[in-house]
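1. Sequence plus the predicted model coming up.
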Amino acid sequence: MELFYAYEVSGRFCRLDAEESSHCVRVLRHRTGDAVDVIDGLGTLYHCRLTEDSPKGAEAEILSEEAGWGAHPYHLTIGCCPTKNNERFEWFVEKATELGVDRIVPLIGEHSERKVYKTERAQRIALSATKQSLKARIPEIVEPMSVKDFLVMPDSDRASLKLIAYCFEDPSIPRQSIMDVLKMAGQAGHDGEPDITILIGPEGDFSQEEAALALKNGYQPIHLGPSRLRTETAAVTSVEAVYLYTL
C-alpha cells in the first residue's frame with residue numbers, strides 16, 4: 001500500500017508538497033485519474049483520485065476517508081535524552097514511530113553529552129516511518145528542553161501513568177518491571193485511553209536532583225530487565241512494552 005502525506009487538506013481536495021509530489025508522479029509514475037491514498041498526519045486516511053499530476057504540486061480529490069486509521073489504544077509520550085551519536089537517536093525515532101508513539105520529547109539532562117539537538121531530520125524520519133508502518137498520525141517531535149523544565153510543565157500532570165527508568169541507589173525506592181506496572185495500571189482501569197509518559201535518561205543517566213524531582217511529580221521508578229541497555233535501546237524497549245501490552 002502506497003501512502004502519501006498531504007501538507008494541506010481543504011474541502012474535497014488534498015495537496016502534496018514538492019517532495020511527496022515528485023515521489024508520487026516521477027518515481028511511482030501516477031497520473032491524473034489514478035487512485036491514491038493520502039494521510040493528513042493527524043490520524044485520517046483519505047482515499048483519493050489524482051486530479052493534478054504535477055511533480056511540483058500534485059493534487060487529489062477526496063472520495064472517502066477513515067478517521068483514526070492505524071491508531072493505537074493509548075497516548076504515549078517518550079521523553080528521551082538524545083545520544084552523543086545522532087544516528088542512534090534517529091534509529092529510536094524511526095522504531096518508536098513504527099511501534100506507536102504520540103510525542104517524542106528530546107530532553108537535555110545534567111549528564112547529557114549532547115546539549116543541542118535539531119529536530120528537522122527526526123521529523124522527516126518520523127514521517128517516513130509513519131507511512132511505512134501504515135499509520136495516519138505522525139508523532140509530534142517537540143523542540144528540545146531540559147529535564148527539569150519538562151517535569152514542571154503545566155501539562156505534565158495530564159498523564160495517567162508516569163514512569164522513569166532510573167537506577168535509584170536508595171533501597172527504600174524500589175523499582176518495578178515496566179510490564180508489571182502496565183499490568184497493574186490495566187487492572188486498575190482508566191476512563192478513555194491511557195495517557196502514558198516514560199522518561200529515559202542519557203548515557204550518564206539522570207542526575208539525583210532530576211530523579212528526585214521526577215518522584216516529587218508523581219513518576220514511578222521502573223526497570224527494563226537485568227541487562228544494561230543503551231539509551232536508544234531502553235527507549236525503544238519502553239515503547240515496545242506498551243505496544244505489546246495493549247495488543
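-> Structure's in. What do you need?
2. only C-alpha atoms for contact and neighbour calcs from this point on.
-> Will do.
3. for the helix or strand bottoming out on mean pLDDT in the chain, which positions count as buried?
-> Ranked by mean pLDDT, DSSP states H and E, the weakest helix or strand in the chain is helix 178-188, scoring a mean of 88. Buried positions in helix 178-188, judged by neighbour count with 16 or more other C-alpha atoms under 10 Å: 178-179, 181-182.
4. Closest one of the residues you listed to residue 40?
-> residue 182 (30.8 Å; C-alpha to C-alpha).
5. by contact count, what packs against the least confident helix or strand of the chain?
-> Other helices and strands packing on helix 178-188, by 3 or more C-alpha pairs under 8 Å, 6 or more residues apart in numbering; DSSP states H and E, are strand 220-223, helix 231-245.
6. Any chance you could list what contacts the longest one?
-> Contact with helix 231-245 is made by 78, 80-81, 83, 88-89, 91-92, 95-96, 99-101, 178-179, 182-183, 198, 200-203, 224, as judged by C-alpha atoms under 8 Å, 6 or more residues apart in numbering.
7. taking the residues you listed one by one, which sit in strands?
-> 78, 80, 198, 200 (DSSP state E).
8. Please render these as a markdown table that adds distance to residue 232, neighbour count and pLDDT to the earlier fields.
-> Listed next are those as a markdown table, based on distance: C-alpha to C-alpha, whole Å; neighbours: other C-alpha atoms under 10 Å; pLDDT from 0 to 100:
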| residue | distance to residue 232 | neighbour count | pLDDT |
| --- | --- | --- | --- |
| 78 | 11 | 23 | 98 |
| 80 | 8 | 25 | 97 |
| 198 | 13 | 23 | 98 |
| 200 | 9 | 25 | 97 |
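9. remind me which residues of this protein are low pLDDT?
-> Segments of the chain classed as low confidence (criterion: pLDDT under 70) are 155-157, 189-191, 247.
10. What sits closest to the residue most central in space within it if chain neighbours are left out?
-> Nearest residue to the geometric centre of the chain (C-alpha atoms, centre = their mean): residue 101, 3.4 Å. Excluding the flanking residues, the one nearest residue 101 by C-alpha to C-alpha, 6 or more residues apart in numbering is residue 76, at 5.2 Å.
11. cool, residue 223 as well?
-> Nearest one to residue 223, counting by C-alpha to C-alpha, 6+ apart, is residue 177 at 5.1 Å.
12. now residue 24
-> That would be residue 30: by C-alpha to C-alpha, 6+ apart, it lies 5.9 Å from residue 24.
13. Report the secondary structure state of that neighbour.
-> coil (DSSP: H, G, I helix; E, B strand; the rest coil).
14. surely it meets residue 54?
-> No - Residue 30 is beyond contact range of residue 54, at 9.9 Å (criterion: C-alpha atoms under 8 Å).
15. the more surrounded of these two?
-> Under the criterion of other C-alpha atoms under 10 Å, the comparison of residue 30 against residue 54 puts residue 30 first, with 21 against 18.
16. State the helix or strand in which the residue nearest to residue 90 when sequence neighbours are not counted lies.
-> Closest residue to residue 90 apart from its sequence neighbours, by C-alpha to C-alpha, 6+ apart: residue 122 at 6.0 Å. Assigned by DSSP states H and E, residue 122 belongs to helix 120-132.
17. Give me the nearest residue to residue 131, chain neighbours excluded.
-> Nearest to residue 131 is residue 3, by C-alpha to C-alpha, 6+ apart, at 5.8 Å.
18. so what's that neighbour bridging to?
-> Beta-bridge partners recorded for residue 3 (DSSP bridges): residue 37.
19. Let me know how buried the residue nearest to residue 223 is, in neighbour terms.
-> What residue 177 shows, counting by other C-alpha under 10 Å, is a neighbour count of 15.
20. Go ahead and confirm it touches residue 220.
-> No - taking contacts as C-alpha under 8 Å, residue 177 lies outside contact range of residue 220: 10.6 Å.
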